[in-house]
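**Q** kindly return the folded structure for what I paste below:
(one chain, ligands or ions: 1)
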Amino acid sequence: MAEILDGKQFAASLREPLAQRAAALTARGCRPGLAVIRVGDDPASEIYVRNKARMCQRLGLFSIELHLPAETSEERLFEEIDRLNQDERIHGILVQLPLPPHLDESAVAERIAPRKDVDGFGSCNLGMLLKGQSGILPCTPKGILRLLQSAGVALSGKRAVVVGRSLIVGKPTALLLMRENATVTVCHSRTENLREHTLQADLLVSAVGRPELIDGSYIKEGAVVIDVGINRTERGLLGDVHFESAAQKASLITPVPGGVGPMTIIMLMENTIEAAELAAFK
Ligand code: NDP
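**A** Prediction:
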């Protein structure tokens with residue numbers, strides 16, 4: 001039976017040291033500041049944004065939320081981003097996804113100044129990750145890596161399989177694991193015989209968005225399983241992994257909720273504090 005890799009608990013242990021870094025910056029007159037822009041009324045986004053604001057408050061960060069109507073034009077959104085790019089109180093800018101369909105998420109990510117791109121979704125920060133340089137890392141992949149490191153999971157030379165190839169989770173996670181010298185396979189919706197791949201994995205990361213797609217029959221005995229999926233269903237919040245059967249095979253497994261989610265938000269705080277440190281010590 002697998003041990004639980006408790007992201008909630010680990011993320012909580014990172015709060016105090018981050019609050020201290022934030023307080024040290026504030027004492028120097030550079031209180032870390034995060035601006036979150038929400039466009040439209042997606043109910044899940046509202047919850048995510050509220051949680052981010054609460055965490056800012058808890059750690060002593062300055063935060064503002066800009067809520068724009070769903071019909072906001074790209075021009076108007078860019079004006080707001082440009083203003084925040086210039087605002088010295090703000091060290092991190094995040095545009096909550098998904099955006100209404102008339103807005104191009106990729107163009108929006110490019111508009112944010114790279115030094116304030118605390119989601120790490122712009123070409124500059126993603127390019128640095130690709131080149132193995134230290135830019136701002138996307139929060140979820142960074143959180144996954146930190147969680148694995150906290151549990152002492154060996155990655156070098158191990159077979160990692162990442163299911164999902166999105167720009168915000170799958171691809172950057174694969175790059176980070178490669179940086180840690182894992183041998184990485186990336187699977188996606190066109191992958192044939194998914195199970196053949198996942199059964200090879202010492203580390204399996206699922207970032208798909210299909211409830212319980214991965215059951216125990218996809219998992220190698222003793223594997224480490226990271227479930228990124230957040231799926232709202234009639235049975236409540238479910239991951240991509242069928243927890244009960246997977247836990248029979250895995251050695252270590254993240255729950256949903258309480259696994260990767262809390263790591264994502266704490267990494268956002270860390271990225272904002274790091275951006276403020278760079279601004280303060282430049
Ligand atoms: P996307 O929809 O952008 O990407 C999903 C990926 O899964 C795609 O690459 C897609 O393949 C692949 N895929 C879809 N169906 C299958 C299948 N049947 N078999 C194999 N691969 C498949 O999602 P995101 O990356 O943004 O998010 C993934 C999940 O993670 C979601 O549930 C999301 O809510 C959650 N999430 C959780 C976070 C957290 O903090 N815990 C943070 C961010 C996301 P293709 O490319 O071919 O279409």
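**Q** residue numbers of the stretch 1-150 of the chain in contact with the ligand?
**A** Thr140 (Cβ under 6 Å from any ligand atom). Where C-beta positions appear, they are placed from N, C-alpha and C, glycine not excepted.
**Q** now with 8 Å, please.
**A** Leu97, Cys139, Thr140, Gly143 (Cβ under 8 Å from any ligand atom).
**Q** so which of those residues comes closest to Leu278?
**A** Cys139 (16.9 Å; Cβ to Cβ).
**Q** just the strands in the protein please.
**A** Under the criterion DSSP state E, the chain carries strands at the ranges 3-4, 33-39, 62-68, 92-95, 159-163, 183-187, 203-206, 224-227, 231-233, 236-238, 252-253.
**Q** can I get those in a markdown table with mean neighbour count?
**A** What follows is the strands of the chain, written out as a markdown table (neighbours: other Cβ atoms under 10 Å):
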| stretch | mean neighbour count |
| --- | --- |
| strand 3-4 | 14 |
| strand 33-39 | 24 |
| strand 62-68 | 17 |
| strand 92-95 | 26 |
| strand 159-163 | 26 |
| strand 183-187 | 19 |
| strand 203-206 | 27 |
| strand 224-227 | 28 |
| strand 231-233 | 12 |
| strand 236-238 | 14 |
| strand 252-253 | 22 |
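**Q** and the residue nearest to Thr173 when sequence neighbours are not counted, what does it touch?
**A** Nearest-residue entry for Thr173: Pro141, 4.2 Å, with adjacent residues in sequence omitted and distances by Cβ to Cβ, 6 or more residues apart in numbering. The contact partners of Pro141, by Cβ atoms under 8 Å, 6 or more residues apart in numbering, come to Val169, Pro172, Thr173, Leu175, Leu176.
**Q** Phe62 and Val36 touch, don't they?
**A** No - counting by Cβ atoms under 8 Å, Phe62 does not reach Val36; the two are 11.9 Å apart.
**Q** and the stretch 151-282 of the chain, which residues reach the ligand?
**A** Within the stretch 151-282 of the chain, the positions lying close to the ligand (Cβ under 8 Å from any ligand atom) are 163-170, 187-191, 194, 207-210, 213, 228-231, 240, 256, 259-261, 263-265.
**Q** so for Met128, which of the strands of the chain sits nearest?
**A** It's strand 92-95; of those, that one is closest to Met128 (Cβ to Cβ) at 16.6 Å.
**Q** now do that closest one: distance to the chain's middle.
**A** When distances are taken as Cα atoms, centre = their mean, to the nearest Å, strand 92-95 is centred 13 Å away from the chain's centroid.
**Q** picking up where we left off before, most neighbours among the residues of the stretch 1-150 of the chain next to the ligand, which one?
**A** Neighbour counts for those were taken using other Cβ atoms under 10 Å; the highest belongs to Gly143, with 29 neighbours.
**Q** quick one, what contacts the residue lying closest to that residue once chain neighbours are set aside?
**A** Leaving out its chain neighbours, the residue that sits closest to Gly143 by Cβ to Cβ, 6+ apart is Met263, at 2.9 Å. Counting by Cβ under 8 Å, 6+ apart, Met263 touches Gly7, Phe10, Ala11, Cys139, Thr140, Gly143, Ile144, Arg146, Leu147.
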